[in-house]
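Undergrad: Sequence below, structure please.
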Amino acid sequence: MDIEALTRRMVAGDEAAYRTFYDTYFDRLLRYLLVVTRGHEETARETLQATLVRVVRHIRIFPNDSVFWSWLTVLARSALADQTRKRQRYLAFLDRFTEASRIEQALADPKPVDTELLGLLEQNLTGLSFEERDLLERKYFARESVRRIAEELHSTEKAVESRLGRIRRKLKTALLQSLKNE
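TA: The predicted structure is shown next:
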């Protein structure tokens, strides 16, 4: 098969050339992706579809089969990396979502241990300055946005986030110290 002629026809939008490409490279790319994904067929097939879309979008003329195949494998690995990142973002979102649900459930139905921890939290909150307590209460109990708090304090959102981070670390250290003493 003359790859230069085939890719030239594909660049021109020849549908028959794309069918020939598909018939020639579909199985080969699928086998390649099955090896790369360590036999995970669903991921390999999803990645293959993404790779074929990239071929249509970015096709250019190639002089021979080895250069064309190298380009196809780069597209396939790139598509796999993108899908892996997308899947990881989705799983991280699910983790955050389920963690938030667990926290809401724990707050709605506190157990005796949770009651003890809440008592320690209240005790350590009293050790903070008025400004620090007020900032924590506005952000986490009143659920005000950082933007709104920053506007009212005539500060930047970044500065408010930094203060909240320092206060959380300070509170965490105090809580851990209280737990060690018990």
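Undergrad: what comes up buried for stretch 130-140?
TA: Neighbour-count burial for stretch 130-140 flags 132, 135-136, 138-139 (criterion: 16 or more other C-beta atoms under 10 Å). For glycine as for every other residue, the C-beta is placed from the backbone atoms N, C-alpha and C.
Undergrad: what helix or strand is the residue nearest to Lys139 when sequence neighbours are not counted on?
TA: Once flanking residues are discounted, Lys139 sits nearest to Leu164: 6.0 Å by C-beta to C-beta, 6 or more residues apart in numbering. Leu164 belongs to helix 157-181 when assigned by DSSP states H and E.
Undergrad: got it, and Glu46?
TA: Here Glu46 is assigned to helix 41-58, by DSSP H and E.
Undergrad: tell me which strands and helices the helix or strand of the chain with the lowest mean pLDDT is in contact with?
TA: Ranking every helix and strand in the chain by mean pLDDT, DSSP states H and E puts helix 112-125 at the bottom, with a mean of 75. If you count contacts as 3 or more C-beta pairs under 8 Å, 6 or more residues apart in numbering; DSSP states H and E, helix 112-125 packs onto helix 157-181.
Undergrad: one step back: how many other residues sit next to the residue nearest to Lys139?
TA: Residues lying near Leu164 (other C-beta atoms under 10 Å) number 18.
Undergrad: can you list the domains in this structure?
TA: Per automatic domain parsing, the structural domains of the chain span 3-93, 110-181.
Undergrad: How far off centre is the first one?
TA: Averaged C-alpha coordinates place domain 3-93 at 23 Å from its chain's average position (C-alpha atoms, centre = their mean, to the nearest Å).
Undergrad: Show the end-to-end separation of it, please.
TA: Taking C-alpha to C-alpha, to the nearest Å as the measure, domain 3-93 stretches 44 Å from start to finish.
Undergrad: Tabulate the domains of the chain (CSV), appending distance to Glu99.
TA: Compiled in CSV, the domains of the chain are given as follows (distance: least, C-beta to C-beta, whole Å):
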stretch, distance to Glu99
domain 3-93, 10
domain 110-181, 15
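Undergrad: which stretch in the ones you listed has the least confidence?
TA: Sorting the domains of the chain by mean pLDDT places domain 110-181 lowest, at a mean of 85.
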